[in-house]
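> Take a look and give me a structure for this.
(2 chains)
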There are 2 protein chains.
Amino acid sequence: MKTFADRLNEEIIKKDTPCIVGLDPRVGMMPDFIVSEAIEKHGKSLESAQHCIVEYHRRILDIVGGLVPAVKPQIAFYEQYGVPGMKSFAETIRMAKERGLLVIVDAKRNDISSTAQAYANTFLGKSNVMGEDQFIYNADCITISPYLGEDSITPFVETCKNFGKGIFVLVKTSNPGSKDFQDLNLKEDSSPLYLQVAKMVKKQAETLIGESGYSSIGAVVGATFPQEAQKLRELMPKSIFLVPGYGAQGGTAKDVVPCFNSDGLGAVVNASRSITYAFDSTDISENDWGKGVYENTVKMIKEIRGVIKK
Amino acid sequence: MKTFADRLNEEIIKKDTPCIVGLDPRVGMMPDFIVSEAIEKHGKSLESAQHCIVEYHRRILDIVGGLVPAVKPQIAFYEQYGVPGMKSFAETIRMAKERGLLVIVDAKRNDISSTAQAYANTFLGKSNVMGEDQFIYNADCITISPYLGEDSITPFVETCKNFGKGIFVLVKTSNPGSKDFQDLNLKEDSSPLYLQVAKMVKKQAETLIGESGYSSIGAVVGATFPQEAQKLRELMPKSIFLVPGYGAQGGTAKDVVPCFNSDGLGAVVNASRSITYAFDSTDISENDWGKGVYENTVKMIKEIRGVIKK
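Numbering: from 1, shown residues only, chains lettered A, B, ... in the order given. Now for the predicted structure:
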């Protein structure tokens, strides 16, 4: 069984880009040609939102499927549409995998170990359903939060080992508030909390190194903090970084450079809104919209390709 | 509109107990009289798990509805059964509210602010669905994780203000791994990280104080760490504590005492497995099971009542 890191690196090399596309279903920002059809069929209901999400993502996946190695559905934006939203979440994962894309679920989940195991089973492994183990969402990777400590991380790590899956642990997030706790210096060695979290990620990462030399236990490192990224890159050389914050959140191509290793690998850079919602939703044709998503994706790929040393 | 804290305190006083019951749907631990009926009707499917969860919780809620002020569904154990699991989650909340119980969703969610807002809408407030705002799960309260900082907390606080809802922020969790990061001493004042998180909770709590004098912005403080609870009680006098770790995790009645204020209020104590799964699932009648859940609940209520000063 191939590790997640090996599968991701293979796709990065094949598509010649570490860029990934974030899927944040916000129906209010989707083009009229999607929304009006849904309202005609299902009215102003949650089922209508479900229909929009599936249709919108089917089109996006058709466009970006051949361009990028992975997509990152942000589960909060599916959850906001209740049970029908979760149906569209499952369908989005299915459609992405059908097109050969890896799926990184941005869920920032975690809990005490027995509960963490339930999350790991739900998204990566198998749940025991009436005595029989079965996949639920069967994504490739999930983001998780470290606040509960190492015993909340290990159930995910074990599940990654058993099913060839991966995790990205929040280390230094892209938002301004990441300074509030993550940047606090510790008494022991005057280094910030996020470096302590990084040391734990490094320790866990060492236990799951693939043939590519990279671990399936990675870290979330915001594009908005390049200096911190530099330090983290040195500390966790074998972990892949999931880099949010590029584009709409203000991170530039230059800012993501420190997230990469000298082999040109070691990071995936995500953009969501700047690719999928950079349109006037009330006045765009399906054709122009599709051209726009394609061009936004290609533009990002070129920008990032232009700055990574190889 | 009454605040969450006022509603919770009213129920605590009315039922004369701060004990709440955790709902962790683990179908493999449910009694045969529930499971065999579901398999007969739906086979070994996710729909069968959904059926078990609804039936099991309907019975539990009938028993504990008159005894305790609130229930705490742990969402991970619903999510593990996929979309049908989420249907049973929505139905559990509906059934609990129908019986006059407050619902505290244990989800430990969070993300950057725009995404945090989506979670707040999903669980506490309203989502914009095809141009119309509507409740999704309409729970009373949710647990959230602080690692992303204050700007990830404020969307929840605003939603609590708008809809009379509440949050419990993870401060000092009940698991052994809570020492890994939460207990790290900071350079600035040699106090642990969890106290820094508590200061932020206190600041936010001050903005949403109800008539009972308590805030709807509370903290999760594990029953397994009574000394830390003492410090936290002093620092956050107006925040209600959600106290997990009693019972199956090793916390005793004596251990939860420091979580309370001298008025006998200020905390809710949760027990899950020790109330709902303290049975031999293969060999118990519906009658004996019901009697057991009732007795376990009453036993806990008496134990906690015996130690709280009033």
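
> Could you pull up the residues touching A:Ser239?
A:201-202, A:205, A:214-215, A:217-219, A:266 (CB atoms under 8 Å, 6 or more residues apart in numbering or on different chains). Glycine gets a C-beta too; all of them are placed from N, C-alpha and C.

> try 6 Å
A:205, A:215, A:218-219 (CB atoms under 6 Å, 6 or more residues apart in numbering or on different chains).

> now it: how far from A:Lys161?
Here the criterion is CB to CB, to the nearest Å. By it, A:Ser239 lies 15 Å from A:Lys161.

> At which residues are the helices of chain A located?
Using DSSP state H, the helices of chain A run over residues A:4-15, A:32-42, A:46-64, A:75-79, A:82-98, A:113-123, A:154-163, A:178-182, A:193-205, A:226-235, A:253-256, A:273-276, A:286-307.

> Would you mind getting the angle between the first one and helix A:193-205?
Note on geometry: by axes from the mean of the first three to the mean of the last three CA atoms, to 10 degrees, helix A:4-15 and helix A:193-205 are set 100 degrees apart in direction.

> got the buried residues for helix A:4-15?
A:4-12, A:15 (16 or more other CB atoms under 10 Å in any protein chain shown).

> quick check, nearest of those to chain B?
In terms of CB to the nearest CB, no member of these lies closer to chain B than A:Phe4, at 20.6 Å.

> So what's the predicted local confidence for the closest one?
A:Phe4 carries a pLDDT score of 98 in this model.

> Quick check: nearest residue in space to it, chain neighbours excluded?
Nearest non-adjacent residue to A:Phe4, counting by CB to CB, 6 or more residues apart in numbering or on different chains: A:Gly166, 3.2 Å away.

> Would you enumerate the residues in contact with the one you found?
A:4, A:141, A:160, A:216.

> And these, which is closest to A:Ile284?
A:Cys141 (32.1 Å; CB to CB).

> So what's the residue count around the closest one?
Residues contacting A:Cys141 under the criterion other CB atoms under 10 Å in any protein chain shown number 28.

> gap between it and B:Ile153?
For A:Cys141 relative to B:Ile153 (CB to CB), the value is 26 Å.

> Report the separation between the two terminal residues of stretch A:201-217.
7 Å (CA to CA, to the nearest Å).

> Could I get the buried residue list for that stretch?
Buried, per 16+ other CB under 10 Å, within stretch A:201-217: A:201-202, A:204-205, A:208-210, A:212, A:214-217.

> Please apply the same query to stretch A:26-46.
A:26-27, A:30-35, A:38-39, A:42, A:45-46.

> Distance to chain B and pLDDT for those - can I get that in CSV?
CSV is the format used below for these (distance: CB to the nearest CB, whole Å; pLDDT from 0 to 100):
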residue, distance to chain B, pLDDT
A:Arg26, 8, 96
A:Val27, 6, 96
A:Met30, 10, 96
A:Pro31, 14, 95
A:Asp32, 12, 94
A:Phe33, 15, 93
A:Ile34, 11, 95
A:Val35, 7, 95
A:Ala38, 7, 94
A:Ile39, 6, 94
A:His42, 9, 94
A:Ser45, 7, 96
A:Leu46, 6, 98
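
> Which of these sits closest to B:Ala278?
Distances from B:Ala278 to the buried residues of stretch A:26-46, taken by CB to CB, are shortest for A:Leu46, at 37.6 Å.

> Would you mind measuring from the nearest residue to the closest one once chain neighbours are set aside to B:Ile167?
Excluding the flanking residues, the one nearest A:Leu46 by CB to CB, 6+ apart is A:Pro84, at 4.1 Å. Distance check for A:Pro84 against B:Ile167: by CB to CB, it reads 25 Å.

> again, but for A:Ala139
27 Å.

> How about the residues of the stretch 101-250 of chain A by chain B?
A:108, A:111-112, A:115, A:118-119, A:121-122, A:127-130, A:132, A:136, A:145, A:147-152, A:170, A:173, A:175-178, A:180-181, A:184-187, A:190 (CB under 6 Å from any CB of the partner chain).

> Show the buried residues in those.
Using 16+ other CB under 10 Å, the buried ones in these are A:108, A:111-112, A:115, A:118-119, A:121-122, A:127, A:129-130, A:136, A:145, A:147-152, A:170, A:173, A:175, A:177-178, A:180-181, A:184, A:186.

> Now render the buried residues of helix A:4-15 as CSV, adding distance to B:Val64.
Shown next, in CSV, are the buried residues of helix A:4-15 (distance: CB to CB, whole Å):
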residue, distance to B:Val64
A:Phe4, 42
A:Ala5, 46
A:Asp6, 49
A:Arg7, 47
A:Leu8, 47
A:Asn9, 51
A:Glu10, 52
A:Glu11, 50
A:Ile12, 52
A:Lys15, 54
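
> closest to B:Tyr78 among those?
For the buried residues of helix A:4-15, the nearest to B:Tyr78 is A:Phe4 (26.0 Å; CB to CB).

> That closest one is in contact with A:Ser216, isn't it?
Yes - counting by CB atoms under 6 Å, A:Ser216 is a contact partner of A:Phe4 at 4.0 Å.

> mind saving the C-alpha coords of stretch A:86-103 as CSV?
Output of stretch A:86-103 as CSV, limited to C-alpha atoms (Å, rounded to 0.1, in the frame of the first residue of the first chain):
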residue,chain,number,x,y,z
MET,A,86,-23.3,16.4,4.0
LYS,A,87,-24.8,14.5,1.1
SER,A,88,-23.1,17.0,-1.2
PHE,A,89,-19.9,16.6,0.8
ALA,A,90,-19.9,12.8,0.2
GLU,A,91,-20.7,13.3,-3.5
THR,A,92,-18.0,16.0,-3.9
ILE,A,93,-15.4,13.5,-2.5
ARG,A,94,-16.7,10.8,-4.8
MET,A,95,-16.5,13.0,-7.9
ALA,A,96,-13.0,14.2,-7.0
LYS,A,97,-11.6,10.7,-6.5
GLU,A,98,-13.3,9.6,-9.8
ARG,A,99,-11.2,12.3,-11.5
GLY,A,100,-8.0,11.0,-10.0
LEU,A,101,-7.7,13.9,-7.5
LEU,A,102,-6.5,13.4,-3.9
VAL,A,103,-9.0,14.8,-1.3
